[in-house]
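*Asks:* got a predicted structure here, sequence first:
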Number of protein chains: 2
Amino acid sequence: MLDICLLGTCGMMPLPNRWLSCALVRNGSSLVLFDCGEGTQVPWKTLGWGFRQLGAICLSHMHADHVAGLPGVLFMVAHAGRTEPLAIYGPAGTAYVIEGLRRIAPDLPFPIHIHELKGGETFTLPGGLEATCTQANHGIPCLAYRVDLARRPEFQADKARALGLPVQLWKRLQHGETLEYDGKVFTPEQVLGEPRRGLSLAYITDTRPTPALSKLASDVDLLICESMYDTRDDLPMAHANGHMISEESAGIAKAAQAHALVLTHFSPKITDPSQAEKAARRIFPNTRAARDGLVVTLDFS
Amino acid sequence: MLDICLLGTCGMMPLPNRWLSCALVRNGSSLVLFDCGEGTQVPWKTLGWGFRQLGAICLSHMHADHVAGLPGVLFMVAHAGRTEPLAIYGPAGTAYVIEGLRRIAPDLPFPIHIHELKGGETFTLPGGLEATCTQANHGIPCLAYRVDLARRPEFQADKARALGLPVQLWKRLQHGETLEYDGKVFTPEQVLGEPRRGLSLAYITDTRPTPALSKLASDVDLLICESMYDTRDDLPMAHANGHMISEESAGIAKAAQAHALVLTHFSPKITDPSQAEKAARRIFPNTRAARDGLVVTLDFS
């Protein structure tokens, strides 16, 4: 199961009633944060998921509205007692910016491991999430992310029983171990069913639409996607600023054959995101506009 | 007249219902900000005083809860159209921290002039406020500030009339100019009354009490002072962390013969600051505990 909280939904700047766009993903007890604008720690406190289990932060790019909250979040994680390493992923330039921001957070009780990515890499996030990323198109180095949580094939007890294996050995096979019993070798394949669909989500923000983004989000259960603007009249601005109107976000979801689309990162001028939602639904019906604090839960079907 | 807004009142970290402690001072159309923790821009937007007229920021010290909001505020000032220089005052290390934080705010349409102070300097803030500062005692370089707004002596029209000066020349004398008329020299002293008391405030935060702080705040109309803790039980913590209990803040106000005391920078564990207020009033009766957004107006008596 994955819980995803959209802590904020605003682009550019925090507003009195809207936090900056980011997403906190909970996988068991592990937490992964996507982007960290000014104020991110505040709605996080309200959420009650704790800070200690934050194992990784994936940053899309180095604009202030996506990273300025880092020192505050690092302090909260320290305050919560973390001593295990924290990984920070981001595009070229991430280490330079973090070195700058950490001038006000120099002493932390946990090491920070920074990974600068070009796009195309795969890596493992805390809790066993498999992640990958691709370059976005925002004028500066910017990454879109995808994470997958694998599901184990079903354990077929009848097959294990037919093989004459004692129950106490079943778990080892179920977890992928090959073992010997009574002079014979047994492999997981002998007792496991067909591969099963896992859970997946993509986080795409601050970009024009590109085919690579649709490919990244292929068949995801949830696509979290920016919708800086809500009408076609804003297309010139979207082009100029490297953003999207909600119909374009929906276009990515449609091309990706995503299962659901959540829109976020609305321009401060959008006071009611229902227009963005309505426009997107004409292209991708299973769309909803996020509100601050929205929690989406993905569960194995 | 001076308007002072306590945009936030929390120490250490922003909370869902409390912003970080700072003070915004409005003098005519000029704005001066004292400290700038994470999120400062948000209640400022609600206040409606605008950002363009921010001419100076006075930073007490380089802990994150007093400076992390700088990039966001600088962006808001830029967004509001400022092109005139912005001065930033702070203790040793200010330039290093600002260079780090500006890695996410490198391009601004106004120059920033950084002034690192040792304590004891005097300088002029936008709008003609005369400022000074003294070292606080917080374990790292930390400054307390005082600002004074001078009041012009009363213009005595009867004296000007008796001198036979035409009305159209009065203003020049009133503004301190010496002038010649009808072959004679006239000086402002000939038409101005006695010196008059101006307005003054002191901003003291993140420090143990010291005699120098009481001296700095001597006879001020308003002392804005931290009160991290509210009971004597917290004294060991106050000593350990370089902070004060509210009775100590009141002690500074009393020794300084300040006219009014506003307490702020409450520990996150203080959910109701009325206990801090009550304790302080036993020592300095004209005390109030600030709430976020409190505006205090100082007017010439």
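*Replies:* Thanks, I have the structure now.

*Asks:* phi, psi for residue A:88 please.
*Replies:* The phi/psi pair for residue A:88 (degrees, to the nearest 10) reads phi -120, psi 120.

*Asks:* does it touch residue A:57 like I think?
*Replies:* Yes. Between residue A:88 and residue A:57 there is a contact under CB atoms under 8 Å: 4.8 Å. Just so you know, the C-beta spots here come from the backbone N, C-alpha and C atoms, and that holds for glycine as well.

*Asks:* okay, now the residue nearest to residue A:234 when sequence neighbours are not counted: neighbour count?
*Replies:* In space, residue A:234 comes closest to residue A:245 once its chain neighbours are excluded; the distance is 5.4 Å by CB to CB, 6 or more residues apart in numbering or on different chains. Here the number of neighbours of residue A:245 (other CB atoms under 10 Å in any protein chain shown) works out to 24.

*Asks:* equivalent analysis for residue A:43, please.
*Replies:* Neighbours of residue A:43 under the rule other CB under 10 Å: 20.

*Asks:* and it, that's in a strand?
*Replies:* No. Assessed with DSSP: H, G, I helix; E, B strand; the rest coil, residue A:43 is helix; it does not lie in a strand.

*Asks:* distance of the nearest residue to residue A:174 once chain neighbours are set aside relative to residue B:98?
*Replies:* Residue nearest to residue A:174 in three dimensions, not counting chain neighbours: residue A:155, with 4.5 Å by CB to CB, 6+ apart. From residue A:155 over to residue B:98 the distance is 59 Å, taken as CB to CB, to the nearest Å.

*Asks:* these two: who's more crowded?
*Replies:* Just comparing residue A:155 and residue B:98: by other CB under 10 Å the higher neighbour count belongs to residue B:98, 23 against 16.

*Asks:* in terms of helices and strands, where is that one?
*Replies:* Counting by DSSP states H and E, the element that carries residue B:98 is helix B:94-101.

*Asks:* does that helix reach chain A?
*Replies:* Yes. Helix B:94-101 comes into contact with chain A (CB under 8 Å from any CB of the partner chain), by way of B:96, B:97, B:99, B:100, B:101.

*Asks:* out of those, which comes closest to chain A?
*Replies:* Using CB to the nearest CB, the shortest approach to chain A within these belongs to residue B:100, at 3.6 Å.

*Asks:* so which elements touch the helix holding residue B:98?
*Replies:* helix A:94-101, helix B:70-79, strand B:112-116 (3 or more CB pairs under 8 Å, 6 or more residues apart in numbering or on different chains; DSSP states H and E).

*Asks:* from what I see, the residue nearest to residue A:234 and residue A:236 are in contact.
*Replies:* No. At 10.3 Å, residue A:245 and residue A:236 do not qualify as touching, with contact defined as CB under 8 Å.

*Asks:* sorry, back to before: any buried residues in the helix holding residue B:98, and which?
*Replies:* B:94, B:97, B:98, B:100, B:101 (16 or more other CB atoms under 10 Å in any protein chain shown).

*Asks:* want to throw the residues you listed into JSON lines with distance to residue B:16 and pLDDT?
*Replies:* Output for the buried residues of helix B:94-101, formatted as JSON lines (distance: CB to CB, whole Å; pLDDT from 0 to 100):
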{"residue": "B:94", "distance to residue B:16": "30", "pLDDT": "98"}
{"residue": "B:97", "distance to residue B:16": "27", "pLDDT": "98"}
{"residue": "B:98", "distance to residue B:16": "28", "pLDDT": "98"}
{"residue": "B:100", "distance to residue B:16": "28", "pLDDT": "98"}
{"residue": "B:101", "distance to residue B:16": "24", "pLDDT": "98"}
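
*Asks:* need the residues you listed in JSON lines (columns: distance to residue A:224).
*Replies:* Output for the buried residues of helix B:94-101, formatted as JSON lines (distance: CB to CB, whole Å):
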{"residue": "B:94", "distance to residue A:224": "38"}
{"residue": "B:97", "distance to residue A:224": "33"}
{"residue": "B:98", "distance to residue A:224": "34"}
{"residue": "B:100", "distance to residue A:224": "30"}
{"residue": "B:101", "distance to residue A:224": "28"}
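
*Asks:* so what's the closest residue to residue A:256 other than its chain neighbours up against?
*Replies:* The shortest distance from residue A:256 to any non-neighbouring residue, by CB to CB, 6+ apart, is to residue A:217 (3.8 Å). By CB atoms under 8 Å, 6 or more residues apart in numbering or on different chains, the contact list for residue A:217 reads A:144, A:146, A:202, A:204, A:223, A:252, A:253, A:256, A:258.

*Asks:* helices or strands next to the helix or strand that contains the fifth one in the packing?
*Replies:* Think residue A:223. Assigned by DSSP H and E, residue A:223 belongs to strand A:222-226. With contacts defined as 3+ CB pairs under 8 Å, 6+ apart, the packing partners of strand A:222-226 are strand A:2-8, strand A:196-204, helix A:246-256, strand A:261-264.

*Asks:* export the helices and strands packed on helix B:94-101 to JSON lines and tack on distance to residue A:40?
*Replies:* As requested, the helices and strands packed on helix B:94-101 are exported to JSON lines (distance: least, CB to CB, whole Å):
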{"stretch": "helix A:94-101", "distance to residue A:40": "13"}
{"stretch": "helix B:70-79", "distance to residue A:40": "12"}
{"stretch": "strand B:112-116", "distance to residue A:40": "25"}
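
*Asks:* of all these, which one is nearest residue A:174?
*Replies:* With CB to CB, the closest approach to residue A:174 among the helices and strands packed on helix B:94-101 belongs to helix A:94-101: 39.0 Å.

*Asks:* report the separation between residue A:159 and residue A:177.
*Replies:* Using CB to CB, we find residue A:159 at a distance of 16 Å from residue A:177.
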